[in-house]
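1. Below are the sequence and a predicted model for it; my questions follow.
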Amino acid sequence: MSNKRIGRLLRPYLDKARDSALLAIEVYNKPAVKFRSSGYIALMVIAWTALMHAVFIRKGVKPYHKNAQGKYQEVDGDFRHWELSTCVAEYWKAQPNHPVRSNVEFFIPLRNKIEHRHLPELDTAIFGECQALLLNFDELLGEHFGPAQQLRESLSFSLQLFPSGESFAQAVKANKQLADVKKFIDDYRGMISTQVMGSSQFAFKAFLIQVANHQSNDALPIQFFHRDKLTDAQRQEFDKFAVMIKSKDGTIVNGGLLKPAVVVSMVQAELGNPKVMRPTGETNKFNLNTHSLFWKRYKVRPAGGSKKPADTVKEYCVYDEPHKDYLYTAAWVKFLIEKMQVAGEYEGLFQPQVAVVGVKNKS
């Protein structure tokens, strides 16, 4: 896309997006910072949110929440903008498994989990996803606003030292605070498709192989070659290196499917961990009871004791015969997150007079 004129309405959004992204990179590349992922993720979420708002405004879509009467909501005199999760769901609404969407949605609940913790061991574990988050941001920036707005010409490859050999799994044993964060990361990576997991738009991974110095002083010291642009012969040679370092996983049964408690944890985290008051005291807004009300309302599975326990909406839920219980998909998690952000949807769960609405079984 050629460069386009940026008007006064869009300029504050783009400036905020670019400045936040550049600050995120600066934080991540500071050698004195021990837990760089925390600041980087927080700033990149701000950058992505501002960019998505700019994209929608350029498309003529107002990214603001509406109340039950259909009027735009205001907070302190300003329109209440869509959160990043809403922006992503709307932008890729026809592509629920797009790798860029999966990458951004990985960081929203992760940001909430690490916001008040100091977990420097996390940095190396999510480097690939962090790198992809930046590359995807710059690609989308250029796609909608032209190459002049992109960051790539402003950046250089940072100087690196060899990382320590300590694995993330080993770090968890030494720091128990990492356990639930590791579980979230493993659950999220496990629920996405193999195709998305293998995409560089979800997690950017590269081999950095030292070569002899070039005789030409004009040769670039570092060059990146995208795997999907290599010839078949080059790709085969690349895969030989991949096999050398690839870990061997055991047989995985029901990979990518989630237990109800995991679904609840992911949705609650994605919503920002909201609380509600009940007669028994304060509780999570999205809990196991909320989850039960949702699957009953949308009839994604039969009630307990059904003679046809496998009669589920396969897109969202499957029956696990050996364990006599139900497992849920990533699509169900996304469905719940989107529904929880619809005005009146949550309140409607507790109103018996509301008619039960089914969802179509796509299986």
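-> Yep, it's here.
2. drop to CA atoms for contacts and neighbour counts, all remaining ones
-> OK.
3. mind listing the strands for the chain?
-> 74-75, 78-79, 275-278, 281-284, 317-320, 325-328 (DSSP state E).
4. how about these in JSON lines, adding mean pLDDT, mean neighbour count and distance to residue 32?
-> Listed next are the strands of the chain as JSON lines, based on pLDDT from 0 to 100; neighbours: other CA atoms under 10 Å; distance: least, CA to CA, whole Å:
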{"stretch": "strand 74-75", "mean pLDDT": "80", "mean neighbour count": "11", "distance to residue 32": "38"}
{"stretch": "strand 78-79", "mean pLDDT": "82", "mean neighbour count": "12", "distance to residue 32": "38"}
{"stretch": "strand 275-278", "mean pLDDT": "89", "mean neighbour count": "10", "distance to residue 32": "37"}
{"stretch": "strand 281-284", "mean pLDDT": "89", "mean neighbour count": "12", "distance to residue 32": "37"}
{"stretch": "strand 317-320", "mean pLDDT": "91", "mean neighbour count": "19", "distance to residue 32": "46"}
{"stretch": "strand 325-328", "mean pLDDT": "91", "mean neighbour count": "18", "distance to residue 32": "42"}
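5. Need these in JSON lines (columns: distance to residue 97).
-> Shown next, in JSON lines, are the strands of the chain (distance: least, CA to CA, whole Å):
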{"stretch": "strand 74-75", "distance to residue 97": "32"}
{"stretch": "strand 78-79", "distance to residue 97": "30"}
{"stretch": "strand 275-278", "distance to residue 97": "29"}
{"stretch": "strand 281-284", "distance to residue 97": "28"}
{"stretch": "strand 317-320", "distance to residue 97": "17"}
{"stretch": "strand 325-328", "distance to residue 97": "16"}
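6. among those, which is nearest residue 268?
-> For those, the distance to residue 268 is smallest for strand 281-284, at 7.4 Å, taking CA to CA.
7. what pairs with the closest one, and is each one parallel or antiparallel?
-> strand 275-278 (antiparallel) (DSSP bridges).
8. got the contact list for the strand it pairs with?
-> 282-285 (CA atoms under 8 Å, 6 or more residues apart in numbering).
9. Quick check: phi and psi at residue 341.
-> Dihedral angles of residue 341 (phi, psi; degrees, to the nearest 10) stand at phi -100, psi 0.
10. can you tell me which residues contact it?
-> Here residue 341 is in contact with residue 86 (criterion: CA under 8 Å, 6+ apart).
11. how about 10 Å then?
-> 65, 82-83, 85-86, 271 (CA atoms under 10 Å, 6 or more residues apart in numbering).
12. now residue 21
-> 15, 27, 40-48, 134, 137-138, 151.
13. how close does it get to residue 49?
-> Counting by CA to CA, to the nearest Å, the separation of residue 21 from residue 49 is 11 Å.
14. next one: residue 279
-> Taken as CA to CA, the span from residue 279 to residue 49 is 36 Å.
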